[in-house]
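> sequence unknown, structure follows:
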C-alpha cells in the first residue's frame, strides 16, 4: 500500500521513515504546556462545538503569548484541546500565504499539510485548465488537505478526493464542509491504488515527495511512484495532470505527456505532466497572469560579448529549458554556454525575464568591487549569483555596503571567466 498523504510525510519505503501507528496516528506535536497532540485526535476535538468555540477564541494569539494563553485556558478546558486549538491557530496563520486570510481562517490543517499543499493561485490555474479541456469530474488522488479539490470544485468540477492518511482525509473533509463545497467534493480515506476512477473525466495525482529524510528526488521513489501515476493518467477518458517536483529530469517526462513548469510571483512552485493535450510540448507558465511561454525547439543561443542589458529569465523558464526562446525574443545571446543569463544591446521587455541595465563589468575582485560601491554610495546592495561558488551574504559582509544608492551585483561567468556585472533593474 502506498501512503501518498502529504500530511503523513512518509514515502512508500519503510527505510525512509517510521511506519505509522494504527489508524495512521503517527504525528505527535507538543505546544506551550508540553501536552502531546496527535493530528487526528486534535482535529476531531476541534470539530466539536467546544473545540470550534475555543478555536475562535485563540484565533489571533500572538506566538509570544502562547504559554500565558494556554495556562489561562487550561483552567476551563482540557489541556489537550487547548493544545489543539493553539496549534491549529498557528497553522492557520502560516497558511494565509498560500490560501489567503479568508479561507485560511476557516480551514483545518495538519503541520505537513500546510507545508506541502498547493498554493491556491496555482491550484486555481490548474483547475481552469482542466475546465477548459471540458472536464466536469476529477479523481483527485493523494488529495492532502484538499487544496486542489477546493480549486476544482470552485471551477464547477465534481471531485472525488482520496487520501490514505486518516488525519489528512479528515482535514480535507472538514475543509470541504467549512467552505461550503460538500455537494461537489466527496472525500474518501483509501489507498489510491485501490480506487476505481473510471467514472471520472480526469485524474489528478499529487504523489508524496517527502519522506522521513526530507525531499525525494527520484520520481520512482515518490509515493505512489511516478510510473504508477503515469499509468493511472493514461486511463483517464479526457485528461490527466500529475504534479511533480520542479527538478524532475526532462528525460523522465513520458513522451506522450506535456510538461509545464509553473512559477508564482517569480518563485517556481511545481511542474505538471499533462495527458490529453499536446504530447511532447513544453511550457513555462508565470502567475499571476497567467502568461505562458511555449517551447519551439530552438537550439541553444550563442555566447556573445556582454551588452548593455542583462536578462534574468524566470525560474520556470529555466526549469523548462526555454532560455533560448527568451533570448530570441530580446535578440540576445548567453554570457556563458552553461549560465542562464541572457545579454543584449537593446531593451526589449518580456514578461519571461527581468531586465537589468549593466553599468560596470570587472573580473571577480572583492577589493575593487568594494571600492566601486563606496565611490557610488551604494548601501542597498542586491547580490545575485549563477555559476559562482561565493555566497551572496558572504560577499555582502566583505564589501560592507553603505550609502543612499542601490545596485545589483551579478556574480557569474562570462565565456568561462569569473566576472562581476554591476547594474540596476529596468523599471
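Now that the structure is in, tell me what you want to look at. Here the structure is a predicted model, which means the values were calculated and not measured.
> by mean pLDDT, which helix or strand of this protein comes out lowest?
The helix or strand of the chain with the lowest confidence, counting by mean pLDDT, DSSP states H and E, is strand 28-30 at a mean of 41.
> where does pLDDT dip in the stretch 301-427 of the chain?
Along the stretch 301-427 of the chain, no part satisfies pLDDT under 70.
> that one: helices as residue ranges?
Assigned by DSSP state H, counting those that start in this stretch, the helices in the stretch 301-427 of the chain fall at 315-319, 323-330, 366-376, 392-399.
> now do the stretch 51-200 of the chain
Under DSSP H, counting those that start in this stretch, the stretch 51-200 of the chain gives helices at 66-73, 79-104, 111-116, 120-132, 147-154, 166-178.
> now those in JSON lines, with mean pLDDT?
Output for these, formatted as JSON lines (pLDDT from 0 to 100):
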{"stretch": "helix 66-73", "mean pLDDT": "93"}
{"stretch": "helix 79-104", "mean pLDDT": "94"}
{"stretch": "helix 111-116", "mean pLDDT": "88"}
{"stretch": "helix 120-132", "mean pLDDT": "97"}
{"stretch": "helix 147-154", "mean pLDDT": "98"}
{"stretch": "helix 166-178", "mean pLDDT": "95"}
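> if we can go back for a sec, buried deepest among the helices of the stretch 301-427 of the chain, which one?
Most buried of these, by mean neighbour count (mean count of other Cβ atoms under 10 Å): helix 315-319, with a mean of 23. In short, each C-beta sits where N, CA and C put it, glycine included.
> which strands and helices sit next to that helix?
strand 258-264, strand 267-275, strand 282-287, helix 323-330 (3 or more Cβ pairs under 8 Å, 6 or more residues apart in numbering; DSSP states H and E).
> isn't residue 157 right up against residue 139?
No: Residue 157 lies out of contact with residue 139 (Cβ atoms under 8 Å); the separation is 10.9 Å.
> what's the separation between the most centrally placed residue in the chain and residue 417?
Most central in the chain under Cα atoms, centre = their mean is residue 269, positioned 3.3 Å from the mean C-alpha point. Note on residue 269: its distance to residue 417, by Cβ to Cβ, to the nearest Å, is 34 Å.
> same deal with residue 299?
In terms of Cβ to Cβ, residue 299 sits 24 Å off from residue 417.
> repeat for residue 344
Residue 344 is 20 Å from residue 417, by Cβ to Cβ.
> same check, this time on residue 53
With Cβ to Cβ as the criterion, residue 53 and residue 417 are 66 Å apart.
> likewise residue 243?
Taking Cβ to Cβ, one finds residue 243 at 40 Å from residue 417.
> with residue 220 instead?
Distance from residue 220 to residue 417, by Cβ to Cβ: 40 Å.
> what's the answer for residue 88, then?
Counting by Cβ to Cβ, the gap from residue 88 to residue 417 is 54 Å.
> and residue 362, how far is that from residue 409?
10 Å.
> who has more neighbours out of these two?
residue 409 (24 against 12; other Cβ atoms under 10 Å).
> check contacts around that one.
369, 381-384, 395, 420-422 (Cβ atoms under 8 Å, 6 or more residues apart in numbering).
> change it to 10 Å
By Cβ atoms under 10 Å, 6 or more residues apart in numbering, residue 409 lies in contact with 360, 369, 372-373, 378, 381-385, 392, 395-396, 399, 401, 420-423.
> is it in a bridge, and if so with what?
residue 383, residue 422 (DSSP bridges).
> again with residue 159
residue 138, residue 185.
> so between residue 243 and residue 417, which is more surrounded?
residue 243 (22 against 10).
> that one - that's part of a helix, no?
No: the assignment for residue 243, made by DSSP: H, G, I helix; E, B strand; the rest coil, is strand rather than a helix.
> and the closest residue to it other than its chain neighbours, what does it touch?
Excluding the flanking residues, the one nearest residue 243 by Cβ to Cβ, 6 or more residues apart in numbering is residue 206, at 4.3 Å. Contact analysis of residue 206 by Cβ under 10 Å, 6+ apart lists 4, 6, 116-118, 140-144, 147-148, 163, 192, 222, 229, 241-244, 270, 272.
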